[in-house]
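Participant: Need coordinates for the following:
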Amino acid sequence: MTKYLSIALDHPLLFGLFLRLFFASVLPYFFDNDSTGVRYTDIDYLVFTDAARYASQGLSPYLRHTYRYTPFLAEILAIGEHFGPTVSKYFGRYMFCGADALCGYIIMNEYERSSLGGFTGHKVQSSVRWKGLMWWMLNPLPINICTRGSAEAFVVLLPVLMSVKIALRPDFLPFTKNLDHHRSVLYRACVSGILLGLSIHSKIYPIIYSISFMAHFSREQGCTELWSSNNIPQKKFPFTEPWKMWYLVFTWMRRLTLSAPLIFLFSAFLTFSFLTGFAVFLYGRVALDEAFLYHFSRVDHRHNYSMFWYWIYLSRANVAKLSVNADTLSLVQGGGLGVFGKLLMIPQLVLLAFCSIGVASLDLSFTLFLQTFMFVALNKVITAQYFTWYLCLLPLCANRIMWSTKRMIISYLFLGLAFVFWLVAAYCLEMRGMAIFFELWVCSVVFFAANSFLFCSIIESYHIRSGQQNFITKRK
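Facilitator: Have a look, this model is predicted:
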């Protein structure tokens, strides 16, 4: 046993990859049959493989119903189709496991670096290494998600983590080590923008990070006039003094139009535009509609962790009761429910904008975690994959959060109980056929309350480490 533990510490990437490949090979064999009643493989993976089969035949992957992802994912998975059905069955799953292991390795390295106060080259204690491994590499949730065939790590988590790593690590890119600070910031802003543009094309939601990255690179570039303490409100937001509000807006407009944030914005926009435009060129308007526009008005009436599902479910039920033809029914659903889906984005946008301006320039990784956490909690659709969106960012700022306070402990217990109650209710509905829609919705509301309480507790328990505060002071 000690030997295996030593391998995990000395070769974490290989150990994590082996663990994922093992589960990805064994678990589907035992559970993907009719005897258990529950399939291990994610339904999305079946959609991926069907779309890849169409792509390998020179057809559009969007011929597969419910394929609403970038067409390039299907094209990459189509490589496995040329090696026979056995290889194609596991090709995508193994590729997703490899990407997830790389995510775990990046997270572990950044957690260790944060534990050392941002310094590299120091020997890492085994206890710190174990904590870094437990955040992701040995975490059952991401292992389960990637081995079931989810593409989250491959299409979005890996490029997002790489973008954050480049933004926070001036010495990460080889060609920036010998450059002066100003040119290094510009190059890193460009590469980070390219990676974020790639992730936005693949999954859309990383677009919420754009202003945060721009604020971070603006402060990294440095401008004494724009980043002096006189330009940063220290006590309260100037709602009661409008002239200060306008001055703050003007100051931020100047900050975000420095060369580094603009380079980041243009590189992200050009990458996203090129990939999306090329997809439309290859497959037509359907690529834009299914992979991008669909997600803005998506309303899912099936139960999920979001507290909004029940309202959507009742709205669809009321529409179905109307004696209307198919065209009118489609118009009502697309109009009323579509508008409802867009209205639910308003609280998300308000909170995201405030967090981008208020926190990102001081602590990028913590800001990205807060933004993703609130975005998922307020989303109208929440599945287990969505939890990985913010869990991969939490270790990057975990050392700046006091986890053992009384309020944090209460938050863990509250969230754990809410999660258990939701799972029990969902099991009774789906597996036992019990008509407990309202009860499950109540569990969803309690789950939202538990997430909100944890969110506030994390903010209250956050503190800037002394090394980071010194770094911020030097950048002024």
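
Participant: List the contacts of the most centrally placed residue in the chain.
Facilitator: When C-alpha atoms, centre = their mean is applied to the chain, the residue found nearest the centroid is residue 389 (2.6 Å). The contact partners of residue 389, taken as C-beta atoms under 8 Å, 6 or more residues apart in numbering, are 152, 156, 157, 205, 372, 375, 376. Just so you know, the C-beta spots here come from the backbone N, C-alpha and C atoms, and that holds for glycine as well.

Participant: Could you check the pLDDT of it?
Facilitator: Residue 389 carries a pLDDT value of 96.

Participant: And what about it, helix, strand or coil?
Facilitator: Recorded secondary structure, residue 389: helix (DSSP: H, G, I helix; E, B strand; the rest coil).

Participant: and it, how far is that from residue 128?
Facilitator: The gap separating residue 389 from residue 128 is 25 Å, by C-beta to C-beta, to the nearest Å.

Participant: same deal with residue 216?
Facilitator: If you measure residue 216 against residue 128 using C-beta to C-beta, the figure is 25 Å.

Participant: count of residues packed around residue 176?
Facilitator: With neighbours defined by other C-beta atoms under 10 Å, the count for residue 176 comes to 20.

Participant: my bad, should have said residue 428
Facilitator: Residues contacting residue 428 under the criterion other C-beta under 10 Å number 15.

Participant: Skipping its backbone neighbours, what lies nearest it in space?
Facilitator: Counting by C-beta to C-beta, 6 or more residues apart in numbering, residue 428 lies nearest to residue 434, which is 4.5 Å off, once chain neighbours are set aside.

Participant: Check whether that neighbour sits in a helix, strand or coil.
Facilitator: For residue 434, the assignment made with three-state DSSP gives coil.

Participant: so what pLDDT did it get?
Facilitator: 89.

Participant: what's the answer for residue 409, then?
Facilitator: Per-residue confidence at residue 409 stands at 95 (pLDDT).

Participant: go on, residue 417?
Facilitator: What the model reports for residue 417 is a pLDDT of 97.

Participant: That one: what's its closest spatial neighbour, skipping adjacent residues?
Facilitator: When the adjacent residues along the chain are set aside, residue 417 lies closest to residue 450, with 7.7 Å between them (C-beta to C-beta, 6+ apart).

Participant: packing partners for the biggest helix by length in the chain?
Facilitator: For the chain, the longest helix by residue count, based on DSSP state H, is helix 85-115. Of the remaining helices and strands, those touching helix 85-115 by 3 or more C-beta pairs under 8 Å, 6 or more residues apart in numbering; DSSP states H and E are helix 12-31, helix 43-56, helix 71-81, helix 126-135, helix 140-147, helix 158-168.

Participant: In that helix, which of the residues would be classed as buried?
Facilitator: Neighbour-count burial for helix 85-115, with 16 or more other C-beta atoms under 10 Å as criterion, is recorded at 88, 90-115.

Participant: what helix or strand is residue 409 on?
Facilitator: Taking DSSP states H and E as the definition, one finds residue 409 inside helix 406-430.

Participant: mind listing what's buried in that helix?
Facilitator: Of all the residues in helix 406-430, those buried under the rule 16+ other C-beta under 10 Å are 408, 411, 414, 415, 418, 419, 421, 422, 425, 426, 429.

Participant: show me where pLDDT drops low in the stretch 251-400 of the chain?
Facilitator: For the stretch 251-400 of the chain, residues meeting the criterion pLDDT under 70 lie at 297, 299-301, 303, 316-344.
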